[in-house]
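Colleague: pasted the sequence and its predicted model underneath.
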Amino acid sequence: MKCPNCSSKNIGKIGVNLFYCWDCYIELALEDGQLSLSQVEEDGSLTLLDDLFQDSEREAKANGF
Ligand SMILES: [Zn+2]
């Protein structure tokens with residue numbers, strides 16, 4: 001598994017179909033073969049980052065998920 005944002009392999013599993021990149025602090029949710037990326041803000045809220053990526057970049061299989 002690697003992070004679509006920073007290409008780090010430092011990915012932790014934090015829930016069912018839910019992962020976390022310890023290098024860029026982004027939450028990765030696996031949905032229907034696609035990764036949904038969210039930035040975790042200081043107050044714990046999530047900001048969706050999917051618009052910043054191409055669909056092909058968020059493809060779960062392409063990132064080893
Ligand atoms: Zn990352």
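Modeller: All right, it came through fine. Since we're looking at a predicted model, the values are computed, not measured.

Colleague: near the ion, which residues of the protein?
Modeller: Residues of the chain found near the ion (Cβ under 5 Å from the ion) are 3, 5-6, 8, 21, 23-24. To be clear about C-beta, it is placed using only N, CA and C from the backbone, and glycine gets the same treatment.

Colleague: what about 6 Å?
Modeller: Of all the residues in the chain, those in contact range of the ion (Cβ under 6 Å from the ion) are 3, 5-6, 8, 21, 23-24, 26.

Colleague: what subset of these is buried?
Modeller: Among the residues of the chain next to the ion, those classed as buried by 16 or more other Cβ atoms under 10 Å are 3, 5, 21, 26.

Colleague: follow-up on the earlier one: now the residues of the chain next to the ion as a markdown table including secondary structure, pLDDT and distance to Asp51?
Modeller: Listed next are the residues of the chain next to the ion as a markdown table, based on DSSP: H, G, I helix; E, B strand; the rest coil; pLDDT from 0 to 100; distance: Cβ to Cβ, whole Å:
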| residue | secondary structure | pLDDT | distance to Asp51 |
| --- | --- | --- | --- |
| Cys3 | coil | 97 | 17 |
| Asn5 | coil | 96 | 13 |
| Cys6 | coil | 97 | 18 |
| Ser8 | coil | 98 | 21 |
| Cys21 | strand | 97 | 18 |
| Asp23 | coil | 96 | 21 |
| Cys24 | coil | 94 | 17 |
| Ile26 | strand | 95 | 14 |
